[in-house]
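Novice: I'll drop the sequence and a predicted model, then ask my questions.
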Amino acid sequence: SSPTFAGVDVTGTVTADGLVVDSSGASTTFVEFKNSTGSGKFDIKQGGSNNTIVRGYNSSNAETIRLDPTSDTFFNGGNVGIGTSSPASALQVSGAVANMQTTKGVHLGMTANSYAAIEMVGASGGDGWIDFKDVDDADYSERIRGGTGRLDFHTSGSERMRIDSSGNVGIGTSSPTGQLHIKGDADMGIRVESAAGGYSAISFGDSVDPVRGGITYYSGDNSLQLRGYNNSEAMRIDSSANVLVGITASNVVSANGEGVALSATNSQFSAAGVAIYANRKGSDGNIVDLRKDGTTVGSIGTTSGMAT
């Protein structure tokens, strides 16, 4: 039979082929390692319900490591490395993670292509998510949630944006019907803001040319421009609310230019050919009414097919 010792105190080296330490009751320390001052120790003890607890202490005898099968397990006092002996942050995981996980849980590591990966694997048909909160929150405040072909973004406990399985993006709606679907409860809009003196633009293009035309606001002269083919300016509304077509200045007639200038006070048409076409279809009558303060003072029209 194996010898039994009530207590062993060894100075020097002990070589043992199999060592059994039997406790005499709950909360009994099985094995304890420490230096001559009693600090920086490491022990294995029996906890409640016959559970074994492993504990580590620093030089001030503060517990920094605990492995407990029924309660809290923690590492407090340094970085933790899994797959590395020199962790550079609180938790560093190095090693392979399968490209296709079939086990539920959180998986961290490197893919076969050496890409760093964090995988949230839910049950079949379930979701995985990352929550953000502070100690005062009973539940999550912000969340990124994915599963079943979609990705949701939540703030203040509510979903705000979704990318569905077709790649459609919905803001304010969980059922986007186009590539970008924005929905609001009341007034809503899209804001494009530039630096002072810069351009703000919404551009339109195709697979050949990404910018074929667009709508541009230039804060340098406070003009709103409509751009057509090859992104060239076709029309603008200037800072005085003049509508200008084919020109960029409102004095088209006095400048002897070509284009149309419309304002609240006058309309100007200038062209190398006919500047204005007015066509009345059907019966004879007035084509142009001339008025002064709302009262007709003259007209240009047709009688029996002739101008009058």
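Specialist: Alright, I've got the coordinates.

Novice: Number of residues surrounding the residue nearest to residue 80 when sequence neighbours are not counted?
Specialist: With C-beta to C-beta, 6 or more residues apart in numbering as the criterion, residue 80 has its nearest non-adjacent residue at 5.1 Å, and that residue is residue 91. Using the backbone N, CA and C atoms, a C-beta is placed for each residue, glycine as well. Residues near residue 91, counting by other C-beta atoms under 10 Å, number 11.

Novice: what residues are up against residue 91?
Specialist: By C-beta atoms under 8 Å, 6 or more residues apart in numbering, the contact set of residue 91 is 79-80, 82.

Novice: okay but residue 182 is in contact with residue 172, surely?
Specialist: Yes - at 6.1 Å, residue 182 counts as touching residue 172 under the criterion of C-beta atoms under 8 Å.

Novice: So for these two, which residues contact both of them?
Specialist: residue 188.

Novice: so residue 141 sits right up against residue 135, yeah?
Specialist: No - applying C-beta under 8 Å as the test, residue 141 and residue 135 come out as separate, 11.4 Å apart.

Novice: out of the two, which sits in the busier spot?
Specialist: Between residue 141 and residue 135, counted using other C-beta under 10 Å, the more crowded position is residue 141 (15 against 4).

Novice: Not counting its neighbours along the chain, what's nearest the more buried one?
Specialist: residue 133 (4.9 Å).

Novice: So what are the sheet partners of the least confident helix or strand in the chain by mean pLDDT and their directions?
Specialist: Every helix and strand of the chain was ranked by mean pLDDT, DSSP states H and E. The lowest is strand 29-33, at a mean of 76. Counting by DSSP bridges, the strands paired with strand 29-33 are strand 42-46 (antiparallel).

Novice: How confident was the prediction at residue 79?
Specialist: As summarised for this prediction, residue 79 has a pLDDT of 88.

Novice: my bad, residue 4
Specialist: At residue 4, the pLDDT value in this model is 64.

Novice: circling back to that earlier point, which of the contacts of residue 91 has the largest number of neighbours?
Specialist: Neighbour max across these (other C-beta under 10 Å) = residue 80, 15 neighbours.

Novice: Name all residues that make contact with that residue.
Specialist: 87, 90-92.

Novice: got those as CSV, with secondary structure columns?
Specialist: Below are the contacts of residue 80 laid out as CSV (DSSP: H, G, I helix; E, B strand; the rest coil):
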residue, secondary structure
87, coil
90, coil
91, strand
92, strand
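
Novice: Which one of these is nearest to residue 53?
Specialist: Checking the contacts of residue 80 against residue 53 with C-beta to C-beta, the nearest one is residue 91 at 22.2 Å.

Novice: Can you give me the distance of that closest one to residue 120?
Specialist: Note on residue 91: its distance to residue 120, by C-beta to C-beta, to the nearest Å, is 16 Å.

Novice: Likewise for residue 30?
Specialist: In terms of C-beta to C-beta, residue 30 sits 39 Å off from residue 120.

Novice: what's the closest non-adjacent residue to residue 33?
Specialist: Using C-beta to C-beta, 6+ apart and skipping residues adjacent in sequence, the residue nearest residue 33 is residue 42, 4.6 Å away.

Novice: Could you do residue 75 as well?
Specialist: Using C-beta to C-beta, 6+ apart, the closest residue to residue 75 is residue 65 (5.7 Å).

Novice: secondary structure element for the closest residue to residue 284 other than its chain neighbours?
Specialist: Among residues not flanking residue 284 along the chain, residue 302 sits closest, at 4.5 Å (C-beta to C-beta, 6+ apart). Using DSSP states H and E, residue 302 falls within strand 295-303.

Novice: How far away from the center of its chain is the helix or strand that that strand is followed by?
Specialist: Sequence-wise, the next helix or strand downstream of strand 295-303 (DSSP H and E) is strand 306-307. From the chain centre to the centre of strand 306-307 is a distance of 67 Å (C-alpha atoms, centre = their mean, to the nearest Å).

Novice: which residues touch strand 306-307?
Specialist: For strand 306-307, contacts defined as C-beta under 8 Å, 6+ apart pick out 300-301.

Novice: and the residue nearest the centre of the chain, what does it touch?
Specialist: Nearest to the mean C-alpha position of the chain, by C-alpha atoms, centre = their mean, lies residue 153 at 7.7 Å. Shown in contact with residue 153 (C-beta under 8 Å, 6+ apart): 143-145, 159-162.

Novice: Please pick the buried ones from those.
Specialist: Among these, the ones that count as buried by 16 or more other C-beta atoms under 10 Å are 143, 145, 161-162.

Novice: got the contact list for residue 154?
Specialist: With C-beta under 8 Å, 6+ apart, residue 154 has these contacts: 140, 142-145, 160.

Novice: All set now, cheers.
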